[in-house]
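**Q** Below are the sequence and a predicted model for it; my questions follow.
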Amino acid sequence: MPLIRMLRRVGQSPACVCWTSFLPVRFLGVSPRQIPADANFYSASFSDTNHPRVLITGGLGQLGVGLANLLRQRFGKDSVILSDIKKPPDHVFHSGPFIYSDILDYKNLREIVVNNRITWLFHYSALLSAIGEANVSLARAVNITGLHNILDVAAEHSLRLFVPSTIGAFGHTSPRNPTPDLCVQRPRTIYGVSKVHAELMGEYYHYRYGLDFRCLRYPGIISADSQPGGGTTDYAVQIFHDATKHGKFECNLEAHTRLPMMYIDDCLRATLEVMEAPAESLSMRTYNISAMSFTPEELAQEVLKHVPEFQITYNVDAIRQAIADSWPMKLDDSNARKDWGWKHYFDLPELVTTMLTFHGSETRVSQAN
Ligand SMILES: NC(=O)C1=CN([C@@H]2O[C@H](COP(=O)(O)OP(=O)(O)OC[C@H]3O[C@@H](n4cnc5c(N)ncnc54)[C@H](O)[C@@H]3O)[C@@H](O)[C@H]2O)C=CC1
Ligand SMILES: CC(=O)[C@H](N)C(=O)O
């Protein structure tokens, strides 16, 4: 009997073939349950009793605390648990639940999920591109073995799972301007390889076991109140610190290196939006999202409009430059815009004004205006 007819007979969507009789070894007697294709119970507003209970892994990096703040505004402070292997600063520790969680420890992960009745998991732990090249075996363990633990615990407990991917999941053989959702992906960093692996494994678990896996490919993310964690796009955050403190900045990428970037508020809003999107609106499980693309020179020109004495010099880091040269210049995010209504709010001028204002340069901004 043709597969499609067999599926109709058992009432399954052909998009998601869940063979629950063949489960990963760690599913000791517990079957991953398929979330129905028409499930949209997260798209309405939440009462105290039906909102998701959230765990964020790797939450003390550049993005996790901001995500926790956003989710706590939406679902309540106690519904969102931030976790990491680092000690949280006081203000984070006192802002809501925090727990130690090493994603390499599967039993610890399972205990947290069970004891807190977690329903949504945002998996932020990772070693980024530049630091990953300096620590390949650790990056392999955290980004690949750690991801396997996350996928298994999410499938075992029917969690909705968000895993971020990145522009780093593309390589020099991918189309670079613009880069579509589906194209050749042959990255040459351990970070990129691990993120392609995450995209494919997440989609595999979705189609095979019904895991509600959702993934966005983030551009370089620019945040005002948190430090980047060892990436190739870090210069676009550091420039604001140095411009306001010292009036000058030494850039480790060449002046004409064009990369896709996004302000953190857009990134975190996109993350919540794709998690709340009704399953039937998602024609794919891994989407590009895009906001702006610029070079260090263009960014410096924009900073100069507000900080007239600002100077940029270049001292190129060969490893980061090679990575950047293999990445997209611009992402095509038309599928995200069409399927679940993604749109960005911050372009380069708004980004620069917001960042400089945050870094205490209101005086200079108003002098220049
Ligand atoms: N920041 C950016 O520009 C972009 C970030 N992303 C992705 O978003 C996610 C979050 O990024 P960031 O916050 O910037 O990363 P980050 O490097 O600032 O933070 C990662 C966190 O993972 C934690 N971690 C490391 N090993 C761990 C382990 N064994 N168990 C638990 N936690 C562990 C670290 O302590 C750190 O706090 C990552 O998956 C990253 O790949 C994707 C594209 C762009
Ligand atoms: C774009 C990313 O994934 C990250 N910021 C990095 O530069 O490694």
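**A** Received it, and whenever you're ready, just let me know what you need. On a predicted model such as this, the values are computed, not experimentally measured, just so you know. Numbering: from 1, shown residues only. Ligands and ions are numbered 1, 2, ... in the order given.
**Q** where does the chain have low pLDDT?
**A** The chain contains residues with pLDDT under 70 at 1-49, 361-369.
**Q** And the residue of the stretch 101-250 of the chain closest to ligand 1?
**A** residue 229 (2.5 Å; C-beta to the nearest ligand atom). The C-beta positions use only the backbone N, C-alpha and C, and glycine is treated the same way.
**Q** Contact partners for the nearest residue to that residue once chain neighbours are set aside?
**A** For residue 229, ignoring the flanking residues on the chain, the nearest one in space by C-beta to C-beta, 6 or more residues apart in numbering is residue 61 at 4.9 Å. Contact analysis of residue 61 by C-beta atoms under 8 Å, 6 or more residues apart in numbering lists 84, 124, 126, 226, 229.
**Q** got the contact list for the last one?
**A** Residues near residue 229 by C-beta under 8 Å, 6+ apart: 61, 62, 128, 131.
**Q** Need phi/psi at the residue of the stretch 101-250 of the chain closest to ligand 1.
**A** For residue 229, the backbone dihedrals are phi -110, psi 40 (criterion: degrees, to the nearest 10).
**Q** just to revisit the earlier point, please identify which two of the contacts of residue 229 are farthest apart in space.
**A** Farthest-apart pair in the contacts of residue 229 is 62 and 131; separation 12.1 Å (C-beta to C-beta).
**Q** near ligand 1, which residues of this structure show up?
**A** 57-58, 60-64, 84-86, 101-104, 124-126, 128, 142, 146, 164, 166, 218, 220-221, 228-229, 231, 233 (C-beta under 6 Å from any ligand atom).
**Q** Which ones among these lie within helices?
**A** Members of the residues of the chain next to ligand 1 lying in helices (criterion: DSSP state H): 64, 146.
**Q** Just the buried residues from the residues of the chain next to ligand 1, in PyMOL please.
**A** In PyMOL syntax, the buried subset of these is picked out as below (16 or more other C-beta atoms under 10 Å):
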select buried, resi 57+58+60+61+62+63+64+84+101+102+103+124+125+126+128+142+146+164+166+218+220+221+228+229+231+233
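**Q** Residue 309 against residue 244, yeah?
**A** No. Judged on C-beta atoms under 8 Å, residue 309 makes no contact with residue 244 at a distance of 11.5 Å.
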